[in-house]
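# sequence first, predicted coordinates after that:
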Amino acid sequence: MEHIKKTDFKVLARQQTSLQMKMRLLALAHFQDGHSRTQIAQFLKVSRTSVNKWVSIYLSEG
């Protein structure tokens, strides 16, 4: 969990050309800011299932 606190996901999202990767990185940025997965899904207008998947993959695999 320490690694997620050190990563600047917003900067990484700006550098991406892939819209899918931008969305994933923005989801992680919101998660890092303490928002719930439901709130993140609402912010990004994606399913909560997708947000759960992205956050879980990042937390387990980096």
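That came through, no problem. Because the structure is a prediction, the values reported are computed rather than measured.
# okay, buried residues for stretch 42-60 please.
Across stretch 42-60, burial judged by 16 or more other Cβ atoms under 10 Å covers 44, 46, 50-51, 54-55, 58. Where you see a C-beta, it was placed from the backbone N, CA and C, and this is true even at glycine.
# got the CA positions of that stretch in PDB?
Included here for stretch 42-60 are C-alpha records, laid out as PDB according to Å, rounded to 0.1, in the frame of the first residue of the first chain:
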ATOM      1  CA  GLN A  42     -19.500   7.800 -10.700                       C
ATOM      2  CA  PHE A  43     -16.800  10.400 -11.300                       C
ATOM      3  CA  LEU A  44     -15.400   8.500 -14.300                       C
ATOM      4  CA  LYS A  45     -18.800   7.300 -15.500                       C
ATOM      5  CA  VAL A  46     -17.700   3.600 -15.600                       C
ATOM      6  CA  SER A  47     -19.000   0.600 -13.800                       C
ATOM      7  CA  ARG A  48     -18.000  -0.100 -10.200                       C
ATOM      8  CA  THR A  49     -16.900  -3.500 -11.300                       C
ATOM      9  CA  SER A  50     -14.300  -2.000 -13.600                       C
ATOM     10  CA  VAL A  51     -13.000   0.200 -10.800                       C
ATOM     11  CA  ASN A  52     -12.800  -2.700  -8.400                       C
ATOM     12  CA  LYS A  53     -10.900  -4.700 -11.000                       C
ATOM     13  CA  TRP A  54      -8.400  -1.900 -11.700                       C
ATOM     14  CA  VAL A  55      -7.700  -1.100  -8.100                       C
ATOM     15  CA  SER A  56      -7.400  -4.800  -7.100                       C
ATOM     16  CA  ILE A  57      -5.000  -5.500 -10.000                       C
ATOM     17  CA  TYR A  58      -2.900  -2.600  -9.000                       C
ATOM     18  CA  LEU A  59      -2.800  -3.500  -5.300                       C
ATOM     19  CA  SER A  60      -1.900  -7.100  -6.000                       C
END
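# pLDDT of it, averaged?
For stretch 42-60, mean pLDDT is 93.
# now do Q20 against G34, distance only.
When Cβ to Cβ, to the nearest Å is applied, the distance between Q20 and G34 equals 24 Å.
# now swap in L19 and tell me
Summarising the geometry, the distance separating L19 from G34, computed by Cβ to Cβ, is 25 Å.
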